[in-house]
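J.: I'd like to go over a predicted model; first the sequence, then the structure.
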2 protein chains.
Amino acid sequence: MKPQEFVNLKYKPKSSDLICLFRVEPNRVPMKKAAATVALESSVGTWTNLELTKTAEKLMAKVFEIKGNWIKIAYPQELFEEGNAPNILSSIAGNIFGMKAVKNLRLEDVSFPKKILSGFMGPKFGIEGIRKMLKIRDRPLIGTIIKPKLGLNPYEHAKSAYESWLGGCDLVKADENLAGQKFNEFEERLARTLEYCNKAEEKTGMKKGYIENVTAETKEMMKRAQLVEDLGGKYIMIDFLTAGFSSLQTLREADFKLAIHCHRALHAAMTRNPKHGISMMVLADFARLIGVDQLHVGTGVGKLEGNLSDIEELIEEIEDKKIKSTKKRLVQDWEKIKPVLAVSSGGLCPLDIPKLVKNFGNDLIMQFGGGIHSHPNGTGAGARAAKQALNATIKGINLKKYAKTHAELRLAIEKWG
Amino acid sequence: MKPQEFVNLKYKPKSSDLICLFRVEPNRVPMKKAAATVALESSVGTWTNLELTKTAEKLMAKVFEIKGNWIKIAYPQELFEEGNAPNILSSIAGNIFGMKAVKNLRLEDVSFPKKILSGFMGPKFGIEGIRKMLKIRDRPLIGTIIKPKLGLNPYEHAKSAYESWLGGCDLVKADENLAGQKFNEFEERLARTLEYCNKAEEKTGMKKGYIENVTAETKEMMKRAQLVEDLGGKYIMIDFLTAGFSSLQTLREADFKLAIHCHRALHAAMTRNPKHGISMMVLADFARLIGVDQLHVGTGVGKLEGNLSDIEELIEEIEDKKIKSTKKRLVQDWEKIKPVLAVSSGGLCPLDIPKLVKNFGNDLIMQFGGGIHSHPNGTGAGARAAKQALNATIKGINLKKYAKTHAELRLAIEKWG
């Protein structure tokens, strides 16, 4: 086995290959050598020439395209254990980021063959299932994250949720930092908030969802998810990168009658540098594969960085069935894996709604934290302002005009306009 | 709540505070503003002014030091749920990496207060326990990773392990890419390799360890770990970043009578950029806190990048009880949390042994993959060459001199010298 044997630019990838798109900056070696090093380290090779068995030879990854800094590698699907997400990542997103042969390396996209897809469950609900559960056919959803994120007691938390629902929110989410801290213990918070969720449904005649954060050590997480199901909840939330792919799989495979909302804290430690790390596209691919129903994708406005066209491509990747290739994206047919509903969240206020809907379409959850709870007249008014902004957007009416007859929206414009 | 209230340069951190050291590059805002944004987002604040409850006010993080690009933040321990590693990370290593207020942000170190330490088990064995189990008092350990990493069947794998042990390896490790693939199924491989481990112990009269990779979805991982225990194994291995912190905690808390070897595939996607992401120091802190017994730390030579002084500091961080502060490191008293044995692995060959021992000391596992199995005379000879190089190093004899009377080492020098 010699490094150059891992490059074959005449190779036509098979439909059974897993394909990766990398951006490579070689480190004092020619591009072809750096590309070969990535392919060998992430499949069957190592740093020194080594005799391969016949089985190992069949498992060699092949660099089949090099265009500038962009390379594509084909991995035989037999390299990976079926249904083992960490195993796939340990190869295609493992040691290679630390190789001396590369100065920078970014895994931009991954395309799964049919057989690998079939080893995973994918979303239980998907976009259609969520819409059916909440009886919201054809409009974007409005959610809120309870703020301040830490420091409310269970009763204050539940009351804030109630006001949000009455004001017009479809969904209320616990913050990703909120778990089972002493000042707001899990069971008490969950029970009280679900009580208020039922009240809000009765009072409004609409379906309302409470997204409780169950992120913890796996067994504890499963207990918490079971409790949500037992108490008649609709949703659980996992922070999939701080919890990890192994426990995300466990949570999904338990097949609770609950939709999974997926937060992505920590992602930008890996995804932000355009030259090095792992793209959000890849992380989202694994989230869809394993099976979350809703995933944070960014905003294009607000407090978090994130380029608009990247977010648009990301939303297509999780919401469409057949994905077309672009510079940074590979073809993917998701087969039976359902679509994931995109969540826009982070520094948003009601005034952002027209832009968000224009950019990201109807299959979207828009979440407001401070943008609802710090409304001059409080949470209920903040929720009404968001609902008014959504109604105006749906009707194609300019927010300022709509605000003339809608006081909460007017106050929101005064504060954030 | 105003952003500037999250900065208090007169604040003296309490012994009950969790401290973080960040490197911050502000993005078109003054340093103080960027620092405040990190502190507020990672504790109780958000992007817009928000009224805080009294409890929330007590939970505010405080920037208490700013020196150039380096800032220190104190977090009241009540912010976090006891014994919930993902919960801590979702705050101190969460959304903040994606904030527009920073151009680059790196979490360099974390220092845990006593109460947070007491919520976790730490290593079961630690350095002393490992040495006792293997009856190796006072020398570095030699390990090998079976190569080719993928493509051997269970019988070939077990035979290669056997030759490695007979040649002088203390430890044999499955590659992090090897799980339960069809060509080398988990149970069969484990059973056969443990049989050969027993044989090797009988034949050599020494203790030998087989480190089996159990990385998978949590429940499957627990089954695999149970099987290792049932079959009398000594070790399991987890790839802690591709599996995740939640399942690492689950594995540790199951308290198997097994040492946990911790591989770190994917780390360099987060750790390599000195300006942005999460340092290996922080990842290692969480690995020690949760409780792994052995952890990959780098080599300073070989195929992987990594600066020597960083690795030395990292080894102190996981192997010492009381950690002194340096530019990139915070004070830490590990209290009852045992030390973790450092593992040097990645592109090493026997010729690196004198340098590794000189740099990293005696409490060290040196692992060779290709550096043993691609020895001109095969695996057994490669293991003997490594053992000879270790013996020479312990006796203070130059390798070239020692090779005059040791054929395997001589051949290793001819190949890699």
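T.: Received the coordinates, thanks.
J.: for the residue nearest to residue A:137 when sequence neighbours are not counted, helix, strand, or coil?
T.: Leaving aside its sequence neighbours, residue A:137 sits nearest to residue A:131 (Cβ to Cβ, 6 or more residues apart in numbering or on different chains; 6.2 Å). For glycine as for every other residue, the C-beta is placed from the backbone atoms N, C-alpha and C. Here residue A:131 is helix, with the state taken from DSSP: H, G, I helix; E, B strand; the rest coil.
J.: up against chain B, what does the stretch 201-350 of chain A have?
T.: Residues of the stretch 201-350 of chain A lying close to chain B (Cβ under 8 Å from any Cβ of the partner chain) are A:215-221, A:239, A:241-250, A:253, A:263, A:265-273, A:276-278, A:302-306, A:346-347, A:349.
J.: mind checking which of those residues are buried?
T.: A:215-221, A:239, A:241-250, A:253, A:263, A:265-273, A:276-278, A:302-306, A:346-347, A:349 (16 or more other Cβ atoms under 10 Å in any protein chain shown).
J.: find the closest residue to chain B in the stretch 201-350 of chain A.
T.: residue A:244 (0.8 Å; Cβ to the nearest Cβ).
J.: just checking, that residue touches residue B:238?
T.: No: look at residue A:244 against residue B:238 with Cβ atoms under 8 Å: they stay out of range, at 10.3 Å.
J.: rewinding a little: okay, and which of the buried ones among the residues of the stretch 201-350 of chain A next to chain B map to strands?
T.: Within these, residues falling in strands by DSSP state E are A:239, A:263, A:277, A:278.
J.: now render those as JSON lines, adding pLDDT.
T.: Shown next, in JSON lines, are these (pLDDT from 0 to 100):
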{"residue": "A:239", "pLDDT": "98"}
{"residue": "A:263", "pLDDT": "98"}
{"residue": "A:277", "pLDDT": "98"}
{"residue": "A:278", "pLDDT": "98"}
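J.: can I get the residues you listed in TSV with distance to residue B:73?
T.: Compiled in TSV, those are given as follows (distance: Cβ to Cβ, whole Å):
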residue	distance to residue B:73
A:239	20
A:263	22
A:277	24
A:278	26
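J.: kindly indicate which of those residues lies nearest residue A:144.
T.: Taking Cβ to Cβ as the measure, residue A:144 sits nearest to residue A:263 out of those, at 14.3 Å.
J.: who is that closest one paired with across the strands?
T.: Taking DSSP bridges as the rule, residue A:263 bridges to residue A:239.
J.: ok, back up a step: who touches the residue of the stretch 201-350 of chain A closest to chain B in this structure?
T.: Going by Cβ atoms under 8 Å, 6 or more residues apart in numbering or on different chains, residue A:244 touches A:86, B:86, B:241, B:242, B:243, B:244, B:245, B:246, B:247, B:248.
J.: ok, now how distant is it from residue A:269?
T.: Remark: distance between residue A:244 and residue A:269 (Cβ to Cβ, to the nearest Å) = 14 Å.
J.: ok so, going back, what separation do you get for the residue nearest to residue A:137 and residue A:324?
T.: Relative to residue A:324, residue A:131 is positioned 25 Å away (Cβ to Cβ).
J.: which one of the two has more residues nearby?
T.: More crowded of residue A:131 and residue A:324, by other Cβ atoms under 10 Å in any protein chain shown: residue A:131, with 17 against 11.
J.: what's the pLDDT at that one?
T.: At residue A:131, the model reports a pLDDT of 98.
J.: can you list the domains in chain A?
T.: Here the domain parsing of chain A from automatic domain parsing is A:3-118, A:126-416.
J.: what is the end-to-end distance of the longest one?
T.: This points to domain A:126-416. Terminal residues of domain A:126-416 lie 34 Å apart, using Cα to Cα, to the nearest Å.
J.: about what we covered before: which neighbours do residue A:244 and residue B:238 have in common?
T.: B:247, B:248.
J.: name the element residue A:19 belongs to?
T.: Assigned by DSSP states H and E, residue A:19 belongs to strand A:17-26.
J.: what comes up buried for that strand?
T.: Buried residues in strand A:17-26 (16+ other Cβ under 10 Å): A:17, A:18, A:19, A:20, A:21, A:22, A:23, A:24, A:26.
J.: any idea how far the last one lies from chain B?
T.: I take that to be residue A:26. Separation of residue A:26 from chain B (Cβ to the nearest Cβ, to the nearest Å) stands at 13 Å.
J.: the third one now?
T.: In this structure, residue A:19 and chain B are separated by 18 Å, where distance is defined by Cβ to the nearest Cβ.
J.: same deal with the first one?
T.: In this structure, residue A:17 and chain B are separated by 15 Å, where distance is defined by Cβ to the nearest Cβ.
J.: let me know the pLDDT of the closest residue to that residue other than its chain neighbours.
T.: Nearest non-adjacent residue to residue A:17, counting by Cβ to Cβ, 6+ apart: residue A:74, 4.1 Å away. Residue A:74 is assigned a pLDDT of 98 by the prediction.
J.: same question for residue A:50.
T.: Looking at residue A:50, its pLDDT reads 81.
J.: repeat that for residue A:29.
T.: We have a pLDDT of 96 for residue A:29.
J.: following the strand holding residue A:19 in sequence, what is the next regular element?
T.: helix A:31-41.
J.: contacts for that next one?
T.: Applying Cβ under 8 Å, 6+ apart, the contact partners of helix A:31-41 are A:1, A:3-7, A:22, A:24-27, A:29, A:45-47, A:60-63, A:66, A:69, A:71, A:73, A:94-96, A:99, A:101-102, A:105, B:303.
J.: buried ones in stretch A:83-92?
T.: Of all the residues in stretch A:83-92, those buried under the rule 16+ other Cβ under 10 Å are A:83, A:84, A:85, A:86, A:87, A:88, A:89, A:90, A:91, A:92.
J.: next one: stretch A:249-261
T.: Those would be A:249, A:250, A:251, A:252, A:253, A:256, A:258, A:259, A:260, A:261, for stretch A:249-261 by 16+ other Cβ under 10 Å.
J.: and the contacts of that stretch?
T.: Stretch A:249-261 is contacted by residues A:83, A:85, A:120-121, A:123-125, A:129-130, A:133, A:173, A:209, A:211, A:214, A:218, A:221-222, A:225-226, A:228-229, A:233-238, A:290-294, A:343, B:217-219, B:247 when judged by Cβ under 8 Å, 6+ apart.
J.: same deal with stretch A:122-130?
T.: For stretch A:122-130, the surrounding residues in contact (Cβ under 8 Å, 6+ apart) are A:132-133, A:252, A:255, A:259-260, A:288-294, A:319, A:334, A:336-341, A:363.
J.: about what we covered before: narrow the contacts of helix A:31-41 to those in strands?
T.: A:22, A:24, A:25, A:26, A:62, A:63, A:66, A:71, A:73, A:102, A:105.
J.: what is the first one paired to in the beta sheet?
T.: The one in question is residue A:22. residue A:71, residue A:107.
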